[in-house]
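Enquirer: Sequence first, then the predicted structure, then my questions.
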Amino acid sequence: MKQTLLLLCILFISCNTENKQDELKPEKPTEQKNDKIKVLNFGTFHFGYTPDANKTEFDEHSEKAQKEIREISKMLAQFKPTIICIENLPKFNTEINKAYQDFLDNPSTLNTNYGESSMIGFDVGRLSGVKKIYGIDNHMGYNYSVGDFIENSPEYTNSIDSKTYLQLTNEPFKDYPEMAKREKNYDKLSLLEKLKLINEPLHLDYSINTNADKLLYVGIEDGFEGADNAAIFYHRNMKIYSNLNRIPMTKNDRVFIIMGTAHTAFLREFMRRSPKFEMVNTLEYLK
């Protein structure tokens with residue numbers, strides 16, 4: 001009898017442990033591969049001029065850079081997109097597509113006029129036989145430096161959470177030492193390695209944090225100066241996503257999007273919950 005009770009206790013504990021382990025396992029996403037439109041959501045830094053606070057030194061006119069870009073375009077073109085979207089306003093689509101057609105007529109030289117949008121976007125389009133380029137950007141002015149302004153102004157005090165704001169500013173990868181190490185050596189990385197790094201999920205999360213979410217820890221007295229500016233950036237990316245959805249497409253289309261990493265990160269969040277889109281793994285195409 002005692003042995004039977006002992007056996008039952010062991011079985012109960014074992015089953016209970018397995019159930020707890022099952023609860024800890026991440027839920028597997030449901031994929032509707034036959035119904036959803038495939039998207040290669042590719043983030044990059046800006047090759048030419050940018051008003052962004054964070055800039056990467058890059059000579060897009062150098063022979064070395066042009067060669068690297070050609071090789072990366074070949075990698076991305078393996079996705080075989082039918083639609084290409086770039087970080088440009090839709091109202092300039094006619095101008096953009098005139099430049100794209102001119103490039104298709106003379107592809108020996110990359111078009112640098114629109115930075116990464118024309119250097120990579122146009123070349124991926126050429127290699128994939130894409131007929132038209134779509135701009136999906138939307139401009140909204142917001143102050144992403146309001147937190148720094150408050151922290152550096154003796155006459156103001158951040159009344160929300162200065163400690164967290166400064167950690168996100170100065171040690172964004174505090175809990176991820178390997179990522180911190182790679183980020184520290186960013187300037188020494190090749191173009192391909194830079195693009196691999198900024199397209200990793202953790203780095204995309206960082207892009208949202210540094211461009212918007214860290215402002216949620218900033219405010220003067222009972223004000224919401226940080227949150228108000230973060231909301232504008234969220235709103236801008238919602239409009240970008242809406243512009244993407246304006247483009248006529250079917251489940252047979254394959255969409256390549258090339259934008260700055262913060263926009264890529266926001267689009268990733270919207271598309272993860274979308275019944276319409278299914279993102280492929282960007283890093284699988286950067287090899």
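Expert: Yep, that arrived. These numbers come from a predicted model, not from an experiment.
Enquirer: surely D148 meets L166?
Expert: No. Assessed by Cβ atoms under 8 Å, D148 is found out of contact with L166, at 9.9 Å. Where you see a C-beta, it was placed from the backbone N, CA and C, and this is true even at glycine.
Enquirer: what do these two both touch?
Expert: Residues touching both D148 and L166 (Cβ atoms under 8 Å, 6 or more residues apart in numbering): none.
Enquirer: Going toward the C-terminus from the helix-or-strand element of the chain with minimal mean pLDDT, what's the next helix or strand?
Expert: Here the helix or strand of the chain ranked lowest by mean pLDDT, DSSP states H and E is helix 2-24, holding a mean of 41. Later in the chain than helix 2-24, the nearest helix or strand by DSSP states H and E is strand 37-44.
Enquirer: mean confidence for that next one?
Expert: Averaging pLDDT along strand 37-44 gives 98.
Enquirer: Run through who's touching it.
Expert: By Cβ under 8 Å, 6+ apart, strand 37-44 touches 76, 79, 81, 116, 120, 195, 198-199, 204, 207, 249-251, 253-261, 263-265, 267-268, 271, 276-280, 282, 285.
Enquirer: Pull up the gap between P81 and F42, please.
Expert: For P81, the distance to F42 equals 10 Å [Cβ to Cβ, to the nearest Å].
Enquirer: now swap in N158 and tell me
Expert: In terms of Cβ to Cβ, N158 sits 35 Å off from F42.
Enquirer: How about N88?
Expert: 15 Å.
Enquirer: Look at these two and report which has more neighbours.
Expert: F42 (24 against 21; other Cβ atoms under 10 Å).
Enquirer: Need the overlap of contacts for P81 and F42.
Expert: In contact with both P81 and F42: F256, using Cβ under 8 Å, 6+ apart.
Enquirer: Contacts only, for L110.
Expert: L110 neighbours (Cβ under 8 Å, 6+ apart): Q66, I69, R70, F103, S118, M119, F122, D123.
Enquirer: can you tell me which helix or strand it belongs to?
Expert: Here L110 is assigned to no helix or strand, by DSSP H and E.
Enquirer: contacting residues for F233?
Expert: Shown in contact with F233 (Cβ under 8 Å, 6+ apart): M140, Y142, Y144, N211, A212, A262.
Enquirer: pretty sure the first one is in contact with Y234, am I right?
Expert: Okay, so that is M140. No. M140 is beyond contact range of Y234, at 9.9 Å (criterion: Cβ under 8 Å).
Enquirer: Disregarding residues adjacent in the polypeptide, which is nearest to T157?
Expert: I220 (7.2 Å; Cβ to Cβ, 6 or more residues apart in numbering).
Enquirer: Angles on the backbone of the one you found, please.
Expert: Taking degrees, to the nearest 10, you get phi -100, psi 120 for the backbone angles of I220.
Enquirer: Could you report the neighbour count for K214?
Expert: Counted with other Cβ under 10 Å, K214 comes out at 23.
Enquirer: ok so it is a helix residue?
Expert: Yes. Assessed by DSSP: H, G, I helix; E, B strand; the rest coil, K214 belongs to a helix.
Enquirer: circling back to that earlier point, next one: the residue nearest to T157 from F233, what distance?
Expert: For I220, the distance to F233 - Cβ to Cβ - is 19 Å.
Enquirer: Out of the contacts of L110, name the ones that lie in helices.
Expert: Cross-referencing the contacts of L110 against helices under DSSP state H gives Q66, I69, R70, F103, F122, D123.
Enquirer: can you tell me how far the nearest residue to the first one once chain neighbours are set aside sits from L89?
Expert: Among residues not flanking Q66 along the chain, L110 sits closest, at 5.7 Å (Cβ to Cβ, 6+ apart). Summarising the geometry, the distance separating L110 from L89, computed by Cβ to Cβ, is 22 Å.
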